[in-house]
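Chemist: how does the following fold in three dimensions:
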Amino acid sequence: MSRIIFHIDVNSAFLSWSAVQRLKDGETVDLREIPSAVAGDGQSRRGIILAKSTPAKKYGIQTGEPTGMALQKCPELVCIPPDFPLYSRSSEKMFQLLGEYSDRIEQFSIDEGFLEYTGMEALFGPPLEAAKTIQQRIFTELGFTVNIGISCNKLLAKMAGELEKPNKIITLFPDELEKKLWPLPVSELFMVGRRTAPKLRKMGIRTIGDLAKYPTDLLVREFKSFGMTLHAFANGMDDSPVAAATEVHEMKSIGNSTTVAYDVTDRETAHKILLALSETVALRLRGSQLCAQEIAVTLKTSDFQVYSHQKQLLNAIDCTNAVYETAIEVFDHAWKGEPLRLLGIRAGKLCDEGCVQLSLLEPDWSKQKKADAAMDLIRMKYGKDTVKRSTFAGSEEKAYEGGKLKINNRIL
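Modeler: As a prediction, this is how the structure comes out:
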């Protein structure tokens, strides 16, 4: 039986969800119908456009650009702050509705996911009919619109949903590739990023069709095994399954980053920020009962150049000092001295804490682990700010939020 996969994607998710809530609260103007955006504080370095309305696009406003720059393009742009708890609730409601149509739902991000429709025709009708029903129900019951892409695999379903927006239902099956997919710029293919696209263009590959017909051996010579993936995707090949709704996904990494309100130009300040980030990353490791065998540090310069370095560890770690000392070692090796606007830490190659063994070649963190455990308990019982390192006394830096951690049914 040929597979049928739906890709469901909320149109301008953050803005739509905020607009729906404001209308429920009595607002008379729909943010989706005027130049508007969900954005950070325009006076802050964290102020960027997170989502924008269709009218705002006419002014050239881009997701990810500084709020101040967007306001220069459109002075009448209505900017509202993000409401992440609202977005989580809205996302959950949508996926609950989708769960009525299949037990195989895979959440790809907060505002998009895949639905395996194979074999469900007897219950809900032909794919196009079911997609129209789902789209209409989401609008009627939840108040926002979605794009639905339909195909025989996840890749093509996702690409279908990107072909035209908003509020569309589009198919993209193998016999439609030449007409719908291959004429598109190669940069629009899933997994072709801003670094890969220029390399492909230098090879004379300008469209997805060019990539689909390009000799595989030459792609492998340039991109190694990734070249095979690129060629397969350009030809619409993907056999990855849609995960069951009850499937628990293995955590791949735990990370945290922060955009600083000022340019970081000295090592001491950078180290203090890395310590604050290490506190949160290590806390989440311990709360998840995991240890890391790799620590990576990401840096973004004042002119928005991003680079990262990592270190592999002989023994897995989860204590704050171990994460911090590894992070500053990586940072000191990587940093070129340019002003920084963002620093981040990622703990990767995770393993269960029970598999960690002592090593004669690594420091003994056992005493520090006991101290961490005691501080975790105090913070869980009395609040996360009850215990602070002396380094942060009288300082604005603290353990930056990197996501909510749940321990013993309490949010920390």
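Chemist: export the lengthiest helix in the chain as PDB, just CAs?
Modeler: The helix of greatest length in the chain, counted in residues with DSSP state H as the criterion, is given as helix 267-287. C-alpha atoms of helix 267-287 as PDB (Å, rounded to 0.1, in the frame of the first residue of the first chain):
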ATOM      1  CA  ARG A 267      37.700  37.000  28.700                       C
ATOM      2  CA  GLU A 268      36.600  37.500  32.300                       C
ATOM      3  CA  THR A 269      33.100  38.600  31.400                       C
ATOM      4  CA  ALA A 270      32.800  35.800  28.900                       C
ATOM      5  CA  HIS A 271      33.800  33.200  31.500                       C
ATOM      6  CA  LYS A 272      31.200  34.600  33.900                       C
ATOM      7  CA  ILE A 273      28.500  34.200  31.300                       C
ATOM      8  CA  LEU A 274      29.600  30.700  30.500                       C
ATOM      9  CA  LEU A 275      29.400  29.800  34.200                       C
ATOM     10  CA  ALA A 276      25.800  31.100  34.300                       C
ATOM     11  CA  LEU A 277      25.000  29.000  31.300                       C
ATOM     12  CA  SER A 278      26.800  26.000  32.800                       C
ATOM     13  CA  GLU A 279      24.600  26.100  35.800                       C
ATOM     14  CA  THR A 280      21.400  25.700  33.800                       C
ATOM     15  CA  VAL A 281      22.900  23.100  31.400                       C
ATOM     16  CA  ALA A 282      24.200  21.000  34.300                       C
ATOM     17  CA  LEU A 283      21.000  21.300  36.300                       C
ATOM     18  CA  ARG A 284      19.000  20.000  33.300                       C
ATOM     19  CA  LEU A 285      21.500  17.100  32.800                       C
ATOM     20  CA  ARG A 286      21.000  16.000  36.400                       C
ATOM     21  CA  GLY A 287      17.300  16.500  36.300                       C
END
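Chemist: which is the next helix or strand following it?
Modeler: strand 290-301 (DSSP states H and E).
Chemist: that following strand packs against which elements?
Modeler: In this structure, strand 290-301 makes packing contacts with strand 253-264, helix 267-287, strand 306-317, helix 320-334, strand 340-352, judged by 3 or more CB pairs under 8 Å, 6 or more residues apart in numbering; DSSP states H and E. Any C-beta I mention is one placed from the backbone N, CA and C, and that applies to glycine too.
Chemist: what pairs with that strand, parallel or antiparallel?
Modeler: The strands that strand 290-301 pairs with in its sheet are strand 306-317 (antiparallel), strand 340-352 (antiparallel) (by DSSP bridges).
Chemist: pLDDT on that strand, on average?
Modeler: Averaging the model's pLDDT scores along strand 290-301 yields 92.
Chemist: next, the angle helix 320-334 makes with that strand.
Modeler: Orientation note: strand 290-301 sits at an angle of 40 degrees relative to helix 320-334 (axes from the mean of the first three to the mean of the last three CA atoms, to 10 degrees).
Chemist: CA-only coordinates of strand 290-301 in PDB, if you can.
Modeler: Coordinates of each C-alpha in strand 290-301 appear next as PDB, following Å, rounded to 0.1, in the frame of the first residue of the first chain:
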ATOM      1  CA  LEU A 290      21.900  12.100  32.000                       C
ATOM      2  CA  CYS A 291      25.600  12.800  31.600                       C
ATOM      3  CA  ALA A 292      27.400  14.300  28.600                       C
ATOM      4  CA  GLN A 293      30.500  13.100  26.800                       C
ATOM      5  CA  GLU A 294      30.800  16.200  24.700                       C
ATOM      6  CA  ILE A 295      30.700  19.900  25.500                       C
ATOM      7  CA  ALA A 296      30.300  22.400  22.700                       C
ATOM      8  CA  VAL A 297      30.500  26.200  22.800                       C
ATOM      9  CA  THR A 298      28.800  28.500  20.300                       C
ATOM     10  CA  LEU A 299      29.700  32.100  19.700                       C
ATOM     11  CA  LYS A 300      28.000  34.800  17.700                       C
ATOM     12  CA  THR A 301      30.000  37.900  16.900                       C
END
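Chemist: roughly how far is that strand from the heart of the chain?
Modeler: Relative to its chain's centre, strand 290-301 lies at 16 Å (CA atoms, centre = their mean, to the nearest Å).
Chemist: tell me the angle that strand makes with helix 267-287.
Modeler: 150 degrees.
Chemist: where does pLDDT dip in the stretch 151-300 of the chain?
Modeler: Judged against pLDDT under 70, the low-scoring parts of the stretch 151-300 of the chain cover residues 244-251.
Chemist: tell me what the most centrally placed residue in the chain is bridged to.
Modeler: Closest to where the C-alpha atoms of the chain average out (CA atoms, centre = their mean) is S109, at 6.7 Å. Legend: beta-bridge partners of S109 under DSSP bridges are E112.
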